[in-house]
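Undergrad: The following block contains a protein sequence and its predicted model.
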Amino acid sequence: MKKILYAAFCLLTIQITVAQTYITGNEVVPFDSIASSSYLPINGRIDVHQGYSQQKVLQPGLNEYGLGPVGEFWMYDGMLINLITRTHDNPSKKIDLEQERLASHPEINYLHGTTPNRSIFLDYFNEIKTVSNFEVLIRYFKSDNDKYFVIQDNLGRYIIRGKIHCQPTDRVKAQNFIDTLLESITFD
């Protein structure tokens, strides 16, 4: 009898230690607890470690000693979607998306007496727009493999920081997909 109980205990312990983790991070809440999207089904999430491994493939310069995976991950059409969803501490103090847009805008550094190279501005895209019941800041360098967006619902209750990682050949596809993804999101 002791052997049977010990074997059952070992099996349960093994199952617990290999359980998949789908969300990680300080004060991160599941996306599906506040919103929904046909592109982000709960059964379509991938394990955070698998997501982080895929992120390192798509972003080879990723720091091995960084914070590690945060949020939730999905794969869609060869692109990795990473969302960090949090409830806002004080809904009356919504984040200022315009301020965040200006802070993330590229700068031009040049020596006095030389002509500044403004090509970086041609490569950079950012906009703030309203989609159904939320505002969103979209920003990225067209030549980069990562496309960022920040969503804040109109009531200021939630904020979602998202990133789409893609292969260099899929940059335009990722840029176009952001709008499709945003149009599919509805807050509960």
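TA: Ah, there it is. Residues are numbered from 1 along each chain as shown.
Undergrad: residue boundaries of the helices in the chain?
TA: 2-17, 48-58, 97-104, 119-123, 171-184 (DSSP state H).
Undergrad: Tell me which of those helices approaches residue 132 most closely.
TA: helix 171-184 (7.7 Å; C-beta to C-beta). Glycine gets a C-beta too; all of them are placed from N, C-alpha and C.
Undergrad: residues making contact with the closest one?
TA: Helix 171-184 is contacted from outside by 37-40, 76-77, 79, 81, 125, 131-132, 136, 138, 140, 142-145, 147, 149, 151, 164, 166, using C-beta atoms under 8 Å, 6 or more residues apart in numbering.
Undergrad: now with 7 Å?
TA: Residues external to helix 171-184 that are found in contact with it (C-beta atoms under 7 Å, 6 or more residues apart in numbering): 37-39, 79, 131, 136, 138, 142, 145, 147, 149, 164, 166.
Undergrad: Among the residues you listed, the buried ones, what's the ChimeraX command?
TA: In ChimeraX, this line selects whichever of the contacts of helix 171-184 come out buried by 16 or more other C-beta atoms under 10 Å:
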select :37,39,79,131,136,138,145,147,149,164,166
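Undergrad: before we move on, back to that, need the helices of the chain in JSON lines (columns: mean pLDDT and mean neighbour count).
TA: Shown next, in JSON lines, are these (pLDDT from 0 to 100; neighbours: other C-beta atoms under 10 Å):
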{"stretch": "helix 2-17", "mean pLDDT": "44", "mean neighbour count": "9"}
{"stretch": "helix 48-58", "mean pLDDT": "86", "mean neighbour count": "17"}
{"stretch": "helix 97-104", "mean pLDDT": "90", "mean neighbour count": "13"}
{"stretch": "helix 119-123", "mean pLDDT": "83", "mean neighbour count": "11"}
{"stretch": "helix 171-184", "mean pLDDT": "95", "mean neighbour count": "16"}
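Undergrad: Dump these to CSV, plus distance to residue 87.
TA: Listed next are the helices of the chain as CSV, based on distance: least, C-beta to C-beta, whole Å:
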stretch, distance to residue 87
helix 2-17, 28
helix 48-58, 20
helix 97-104, 18
helix 119-123, 35
helix 171-184, 20
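Undergrad: What is the nearest of the contacts of helix 171-184 to residue 88?
TA: residue 136 (15.0 Å).
Undergrad: residue contacts, the closest one?
TA: Residues 129, 149, 150, 151, 182 are the ones in contact with residue 136 under the rule C-beta under 7 Å, 6+ apart.
Undergrad: could I get these as a markdown table with distance to residue 104?
TA: What follows is these, written out as a markdown table (distance: C-beta to C-beta, whole Å):
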| residue | distance to residue 104 |
| --- | --- |
| 129 | 16 |
| 149 | 11 |
| 150 | 9 |
| 151 | 15 |
| 182 | 18 |
